[in-house]
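1. All I have is the shape, not the residue letters:
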C-alpha cells in the first residue's frame, strides 16, 4: 500500500513562504495523480492543487493560482507544494493524497496532514 507522510508546515507571517513535502513509500509515486487538499477549522475540505502523473499537467484552485506551485521528484518519490505570498486565509491542515484514477476521484492513500498557520 502506498503510504504518504507530509512535512514542512508551520507558522509563517502573511506574505511569507513555505514548502510542503509529501514523501511516499511502498510504491512509486510516479504512477499516481497527486493532489493537495486543505481543511480549515469549521470548513469543508477543499482541493488545492493536483498533478497528473502521465503528462505532469497541473490544476490549481482559483484561491491559490499564481501563489502555489505543485511539483514532484520521482527519483526521491516525493511531491511538493511551494506556497508563496501566503495569506491568513491559507491557514489550514494540508493533506496530500494519491489516486490511480484521476485528479478528482478515488484517493485511497492519504497523509496524516500538516498544520499551516499564517498569522502576524
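-> Great, that's in hand. Computed from a predicted structure; not experimentally measured.

2. rest of the way, CA atoms for contacts and neighbours
-> Will do.

3. quick one: pLDDT of the closest residue in space to residue 81 that isn't next to it in sequence?
-> Nearest residue to residue 81 in three dimensions, chain neighbours excluded: residue 70, at 4.6 Å (CA to CA, 6 or more residues apart in numbering). For residue 70, the pLDDT comes out at 97.

4. Am I right that residue 70 sits in a helix?
-> No - counting by DSSP: H, G, I helix; E, B strand; the rest coil, residue 70 is located in no helix; its state is strand.

5. I figured it hits residue 58, correct?
-> Yes - under the criterion of CA atoms under 8 Å, residue 70 makes contact with residue 58 at 7.4 Å.

6. Quick check: residue 98 vs residue 11, distance?
-> 26 Å (CA to CA, to the nearest Å).

7. State the distance from residue 3 to residue 34.
-> Residue 3 is 12 Å from residue 34, by CA to CA.

8. now residue 65
-> Distance check for residue 65 against residue 34: by CA to CA, it reads 17 Å.

9. returning to that earlier point: give me the more crowded residue out of residue 70 and residue 58.
-> More crowded of residue 70 and residue 58, by other CA atoms under 10 Å: residue 70, with 24 against 17.
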